[in-house]
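Colleague: Return atomic coordinates for the entry below.
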Amino acid sequence: MAHTSTARRRFGAALGAFGVTAVTAAAALVGMAGTASAHTPDFSAECSAEEGVTTLQVELRAYNARESNTVKVTDGDTVLAQEKFGENFSQEWNDLDATVDHTFVIEVQAWDDPNGDRGWSFTRELGVGACVDQTTPPEEPQPSEPPATTEPSAPVEEPTSSEAAPPVAETTEVEPVALAETGASVALPIGIGAVLLAGGVVLMVVVKRRSRA
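Modeller: Numbering: from 1, shown residues only. Okay, the predicted model is just below:
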């Protein structure tokens, strides 16, 4: 009986150890499967000559959303997207210029892979060449306008001798005529006055004498 009891204990211990090992292995397999299927990036870029555009598509699936992850997409010096995301990120640009070359850079930072050791955080570069010629259609020549003809100006008619402007009358300055000075013009009245005065005096003398006589 003691031997049988000991054998049962050993069998139970072995069975327990086997169960723990199986559970551990199963958990490891599940973890490996989850790791392989999680944190899946997908991106593509191309230039379509038929549509005349360059397209870019970025898709990040099954990232750990317990904390924020970040993504940044640039086209040369132009930032196309820079934001945080949780489990998934998906965006497409389908109207980029097809006449120039593009260099797309995709930077992903997963919070649970800060150093990029697991490949969930990474930086990828995609180069796409131009597929449409950057040529402008030639301008149609404009019809040249004939040179403007200038009408000859009417000659200026010079006035004839008959239509000549009337001569300006010359004004001559008339010098005042100096009157000849004559002594008789003044002396004659004076002389007559003196004679009349003297005659009056004589007449008065005569009258006085007669009155006395």
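
Colleague: Compute the distance between residue 128 and residue 41, please.
Modeller: 18 Å (Cβ to Cβ, to the nearest Å). Quick note: C-beta positions are derived from backbone N, CA and C, even for glycine.

Colleague: residues in contact with stretch 74-82?
Modeller: The contact list for stretch 74-82 (Cβ atoms under 8 Å, 6 or more residues apart in numbering) reads 56, 58, 70-73, 91, 93, 96, 102-105.

Colleague: Flag the shaky bits of this protein, pLDDT-wise.
Modeller: Residue ranges of the chain with pLDDT under 70: 1-37, 136-141, 143-144, 146-187, 189, 213.

Colleague: Would you map out the domains in it?
Modeller: 1-37, 39-128 (automatic domain parsing).

Colleague: Would you convert these into JSON lines that also reports distance to residue 210 and mean neighbour count?
Modeller: Converted to JSON lines, these look like this (distance: least, Cβ to Cβ, whole Å; neighbours: other Cβ atoms under 10 Å):
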{"stretch": "domain 1-37", "distance to residue 210": "188", "mean neighbour count": "10"}
{"stretch": "domain 39-128", "distance to residue 210": "156", "mean neighbour count": "15"}
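
Colleague: got those as a markdown table, with distance to residue 201 columns?
Modeller: Putting these into a markdown table (distance: least, Cβ to Cβ, whole Å) gives the following:
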| stretch | distance to residue 201 |
| --- | --- |
| domain 1-37 | 176 |
| domain 39-128 | 143 |
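
Colleague: closest one to residue 206 among those?
Modeller: Residue 206 sits nearest to domain 39-128 of all these, at 151.7 Å, using Cβ to Cβ.

Colleague: now the end-to-end length of that closest one.
Modeller: Start and end residues of domain 39-128 are separated by 25 Å (Cα to Cα, to the nearest Å).

Colleague: Could you work out the end-to-end span of stretch 105-120 for me?
Modeller: Termini of stretch 105-120 sit 16 Å apart (Cα to Cα).

Colleague: oh sorry, the question was meant for stretch 109-119
Modeller: With Cα to Cα applied, stretch 109-119 spans 10 Å between its terminal residues.

Colleague: Going along the chain, name the strands of this protein.
Modeller: Ranges of strands in the chain, per DSSP state E, are 40-48, 53-61, 69-75, 78-85, 89-97, 102-109, 122-128.

Colleague: quick one: which of those strands is nearest residue 211?
Modeller: So among these, strand 78-85 is nearest, using Cβ to Cβ, at 155.9 Å.
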